[in-house]
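1. Curious how this folds, go ahead:
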Amino acid sequence: MYHIADHRPEAPNTVENYRDIRLQTPSDGVLLITLQRPEVLNALRSALLAELAAALTQAAGDEAVRCVVLSGDRRAFAAGADIRELAELDAIGVLKDRRPQYWQAIRHFPKPLLAAVNGYALGGGCELAMHADIIIAGADARFGQPEIRLGTLPGAGGTQRLVRSVGKSLAMKMVLSGEPIDAQTALAAGLVAEVTVPELTLERTLELARSLAARPPLALRLAKECVLKSYELPLEGALDAERKAFALLAASADRREGIAAFLDKRQPNFLGA
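-> Numbers count the residues shown, from 1 in each chain. As a prediction, the model looks like this:
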């Protein structure tokens, strides 16, 4: 088992105290962010998203953090947006809503971001999981975009990320019907990377995060950036970006260390330079 110690860095000015999330350091280089609104299945109210955006913004500039894991609890990763909060917004309120800024901060987090998902990942919860680079799901996980049942549609990227993850037909079924899919269906469709027993979901995700945290930080950032380019650029442009990143890493001390360690048959010591 992992020893998990509290890690509560000073938050940016937008958030004075973390109430809806808990920050911990289960191992060197790994930051665990746990959503903690269990009474409402971790519904994503604005305050929670603001805290999450602030925590990730700080982690992005913290050299001690090399990988981040997002987690909920056994019942739910996050069961969606806070419906009572949304019900109070009219059209003008939606236009002035600050949540798109919080989602943007999450989307632009440059380091590896993993999600450990048990139970419900619905609506905004599914969209949050899809912001992660790797999803590890418990066998009891359920992924869905049920917004259509409320007379609306996904508003945090669900219609776009879902089709890129599972393909048009399944994405259409999920968005238009509101019906969720189980963990095995999500695995077969490419939405999640692994399925494990629910009791070990977080442990397995932290194990993977610890492995990633031991990799060269600069290479991790550029590798993530290049993979994401495949969604944003035509093939020729994405290949050009990959080649430039490859050339940039040729000047890094970590690349020299990685090659030297391989030739010397020893473990490399990556410093992020």
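2. Quick check: bridge partners of Ile181?
-> Counting by DSSP bridges, Ile181 forms beta bridges with Phe143.
3. Retrieve the pLDDT associated with it.
-> Ile181 carries a pLDDT value of 98.
4. Then Leu212?
-> Reported pLDDT for Leu212: 97.
5. neighbours around it, how many?
-> 20 (other Cβ atoms under 10 Å). Quick note: C-beta positions are derived from backbone N, CA and C, even for glycine.
6. now Leu113: how far from Val65?
-> Per Cβ to Cβ, to the nearest Å, Leu113 is found 11 Å from Val65.
7. Hmm, I typed the wrong one, I wanted Ala105.
-> Counting by Cβ to Cβ - Ala105 and Val65 are separated by 15 Å.
8. Give me the buried stretch members for stretch 232-252, please.
-> 238, 241-242, 245, 249, 252 (16 or more other Cβ atoms under 10 Å).
9. just curious, which of those residues is nearest to Arg221?
-> Comparing the buried residues of stretch 232-252 against Arg221 with Cβ to Cβ places Ala245 closest, at 9.3 Å.
10. Just checking, which helix or strand of this protein averages the lowest pLDDT?
-> Using mean pLDDT, DSSP states H and E, the weakest-scoring helix or strand in the chain turns out to be strand 5-6, at a mean of 43.
11. mean confidence for the helix or strand following it?
-> Next helix or strand after strand 5-6 toward the C-terminus (DSSP states H and E): strand 21-27. Across strand 21-27, the average pLDDT comes to 96.
12. other SSEs contacting strand 21-27?
-> Judged by 3 or more Cβ pairs under 8 Å, 6 or more residues apart in numbering; DSSP states H and E, strand 21-27 is in contact with strand 5-6, strand 30-35, helix 46-60, helix 201-213.
13. could you give the angle of that strand to helix 201-213?
-> 60 degrees (axes from the mean of the first three to the mean of the last three Cα atoms, to 10 degrees).
14. now could you export just the CA positions of strand 21-27 as PDB?
-> The C-alpha coordinates for strand 21-27 follow below in PDB (Å, rounded to 0.1, in the frame of the first residue of the first chain):
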ATOM      1  CA  ILE A  21     -10.800  18.700  -3.500                       C
ATOM      2  CA  ARG A  22      -8.000  17.200  -1.500                       C
ATOM      3  CA  LEU A  23      -4.400  17.300  -2.500                       C
ATOM      4  CA  GLN A  24      -1.900  14.500  -1.500                       C
ATOM      5  CA  THR A  25       1.500  13.200  -2.500                       C
ATOM      6  CA  PRO A  26       1.400   9.400  -2.500                       C
ATOM      7  CA  SER A  27       5.000   9.200  -3.900                       C
END
